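>>> Sequence first, then the predicted structure:
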Amino acid sequence: MGYIHVEIELTQSSKRAGEPCGDVCAWERAPAATTMVCSDGLGSGIRANIAATMCVSRLMELLRTGASLRQSFASVVKTMNEARGTDLPYAVFTVVRILNDGEGTILSYEIPGPIFVGTRHATVLPQRTVTLENTLISETNCHLEPGESILIVSDGITQAGLGVGLKNGWGLDGVTQFVNDRLANGVPTKLISQYVHSRARELWGAAHGDDCTAALAVCRWGKTVNILTGPPKAASEDHQVASRFLLAEGTSVVCGATTAKIVARHLGVNLSVEQDPHSVLAPPKYAVDGIDLVTEGAVTLNQVYNVLDEDPGNLEVETGVTQLCELLRSADRVNFTVGRAQNPAHGDISFRQRGILPRETIVPLIGEKLREAGKLVVIEYA
């Protein structure tokens, strides 16, 4: 069945050209969920930007350190309540968390409510009002399917046109109706945030306005690549590790001849090596029935790291290196299982002379590049 991947489409602008935007959004992907935080600092310009940045950073850091979503939210609400009416940085904010099965939770503090955007229609999501830290906050729970989205806007969007043509501003209902009209006209969902932002700017006019933010969390089926490289530290774990790898959903890749032998033995099939490889640089590939791609190990992974950022048009065609690069570029989530068994070849002087790093070193480096490209990377060791 796979998992639901969340893509964030963010469009925003500051009140005055050249000034920092007083709205700040950030998001992170974890193995279980994607979390997005949007904050609107009091006022505009640098002071508002600092307040919003501190709010987002604090909430994200609390989540990273293991606090629950509600604990983190409550802690920042308490801080904002203490700052309200003082010279301390103050911001309103909302946090959206969407689990890999599509279950969504939105917690909002003094910010416009969320809009559900389906494939054909949009609607303002109902919110429950609850008391938290002596303050009324709003909570929404929903379930999202691939193709559906959550739209978060700042009050620069909902108040657009206030005093310059619209008595009460555009309003959340007005934004929702606008989104419905765009969907009816065939506008792709992922472009909705751009259209909403552009319309808000039109409503404000050139001489008026506010910081404007439209952030769209778009759900779709995610593409997963599972990579097994290196035998486990204990040979007794071979079949267990191979079984877990083969049961994982997604594209399967094995890197390493010994690792490939373990998987082939577990499957009860033969391992074959590429005959007459065309490349003089990339190691030959292998083949195991039931596995999407089988390559050599450490040398291939090092070459992948070296050329992963290169234009695909400059690379050789149909080598294990280029095929693995293509799979990694197209993936949303990459799961590495790295065996810790010692490979005597890695200690050979020829490996060091050629700068070939062992698996336990090169895989985290590849992971860093993939994370910088916005992908979710999970590395486990066996």
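That came through fine.

>>> hey, let's count contacts and neighbours off CA atoms from now on
Noted.

>>> which residue packs closest to residue 10, ignoring adjacent ones?
Excluding its sequence neighbours, the residue lying closest to residue 10 (CA to CA, 6 or more residues apart in numbering) is residue 215, at 4.5 Å.

>>> ok but the one you found is inside a strand, no?
Yes: counting by DSSP: H, G, I helix; E, B strand; the rest coil, residue 215 is part of a strand.

>>> For the stretch 1-150 of the chain, which segments count as strands?
Listed in chain order, the strands of the stretch 1-150 of the chain (DSSP state E, counting those that start in this stretch) span 4-13, 23-29, 33-41, 91-99, 103-109, 115-117, 122-124, 128-132, 135-143, 149-153.

>>> any chance of the ones you listed in CSV, with distance to residue 180, mean pLDDT and mean neighbour count too?
Formatted as CSV, those follow (distance: least, CA to CA, whole Å; pLDDT from 0 to 100; neighbours: other CA atoms under 10 Å):
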stretch, distance to residue 180, mean pLDDT, mean neighbour count
strand 4-13, 18, 97, 22
strand 23-29, 24, 97, 22
strand 33-41, 23, 98, 25
strand 91-99, 22, 98, 25
strand 103-109, 21, 98, 21
strand 115-117, 8, 98, 23
strand 122-124, 6, 98, 19
strand 128-132, 24, 89, 12
strand 135-143, 19, 94, 16
strand 149-153, 13, 98, 26
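
>>> List just the one of these that sits closest to residue 329.
Of all those, the one in closest proximity to residue 329, counting by CA to CA, is strand 4-13 (15.2 Å).

>>> contacts for that closest one?
Among residues not part of strand 4-13, those counted as contacts by CA atoms under 8 Å, 6 or more residues apart in numbering are 21, 23, 34, 98-102, 145-146, 190-191, 193-194, 197, 211-222, 332.

>>> Parallel or antiparallel, which strands does it pair with?
Strand pairing for strand 4-13, using DSSP bridges, gives strand 212-221 (antiparallel).

>>> contact partners of the partner strand?
For strand 212-221, the surrounding residues in contact (CA under 8 Å, 6+ apart) are 2-15, 23, 25, 102, 144-157, 189-190, 192-194, 196-197, 200-201.

>>> Could you do stretch 222-234 as well?
Residues outside stretch 222-234 that contact it (CA under 8 Å, 6+ apart): 2-5, 238, 241, 245, 248-256, 258-259, 262, 297, 327-328, 330-342, 359, 381-382.

>>> out of the residues you listed, which are buried?
Among these, those classed as buried by 16 or more other CA atoms under 10 Å are 3-5, 238, 241, 245, 250-256, 258-259, 262, 297, 327-328, 331-340, 359, 382.

>>> Let's see which of those end up in helices.
The helices, defined by DSSP state H, take in 238, 241, 245, 258, 259, 262, 327, 328, 359 from these.

>>> Leaving out chain neighbours, which residue sits closest to residue 212?
In space, residue 212 is closest to residue 156, 4.6 Å off (CA to CA, 6+ apart).

>>> Confirm that the one you found sits in a helix.
Yes: assigned with three-state DSSP, residue 156 falls within a helix.

>>> Is it correct that it is in contact with residue 203?
No: Residue 156 is not in contact with residue 203 according to CA atoms under 8 Å; the separation is 10.7 Å.

>>> who's more crowded, those two?
Of the pair residue 156 and residue 203, residue 156 is the one with more neighbours under other CA atoms under 10 Å, namely 28 against 20.

>>> got the contact list for the more buried one?
Taking CA under 8 Å, 6+ apart as the test, what residue 156 contacts is 200, 209, 210, 211, 212, 213.

>>> coming back round to it: could the strands of the stretch 1-150 of the chain be laid out in CSV, adding distance to residue 372?
Formatted as CSV, the strands of the stretch 1-150 of the chain follow (distance: least, CA to CA, whole Å):
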stretch, distance to residue 372
strand 4-13, 15
strand 23-29, 12
strand 33-41, 16
strand 91-99, 21
strand 103-109, 25
strand 115-117, 28
strand 122-124, 32
strand 128-132, 36
strand 135-143, 29
strand 149-153, 24
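
>>> Please identify which of those strands is closest to residue 50.
With CA to CA as the measure, strand 33-41 is the member of those nearest residue 50 (7.5 Å).

>>> Against which helices or strands is that closest one packed?
With contacts defined as 3 or more CA pairs under 8 Å, 6 or more residues apart in numbering; DSSP states H and E, strand 33-41 has these neighbours: strand 23-29, helix 45-64, strand 91-99.

>>> Please convert the ones you listed to a markdown table, extending it with distance to residue 229.
Converted to a markdown table, those look like this (distance: least, CA to CA, whole Å):
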| stretch | distance to residue 229 |
| --- | --- |
| strand 23-29 | 24 |
| helix 45-64 | 28 |
| strand 91-99 | 28 |
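
>>> Now residue 151: closest residue in space that isn't a chain neighbour?
Residue 151 sits nearest to residue 216 (CA to CA, 6+ apart), 4.5 Å away.

>>> Quick check: bridge partners of that neighbour?
residue 9, residue 151.

>>> number of nearby residues for it?
By other CA under 10 Å, neighbour count at residue 216 equals 28.

>>> Likewise for residue 307?
Residue 307, neighbours per other CA under 10 Å, totals 15.

>>> give me phi/psi at it?
With angles defined as degrees, to the nearest 10, residue 307 sits at phi -120, psi 0.

>>> ok, now how distant is it from residue 357?
Distance, residue 307 to residue 357, using CA to CA, to the nearest Å: 15 Å.

>>> and what of residue 96?
According to CA to CA, residue 96 stands 40 Å off from residue 357.

>>> Ranking helices and strands of this structure by mean pLDDT, which lands last?
Ranked by mean pLDDT, DSSP states H and E, the weakest helix or strand in the chain is helix 349-353, scoring a mean of 66.

>>> Compute the distance between the residue nearest to residue 78 when sequence neighbours are not counted and residue 90, please.
Nearest non-adjacent residue to residue 78, counting by CA to CA, 6+ apart: residue 133, 5.9 Å away. For residue 133, the distance to residue 90 equals 16 Å [CA to CA].

>>> what does residue 54 give?
Residue 54 sits 9 Å away from residue 90, going by CA to CA.
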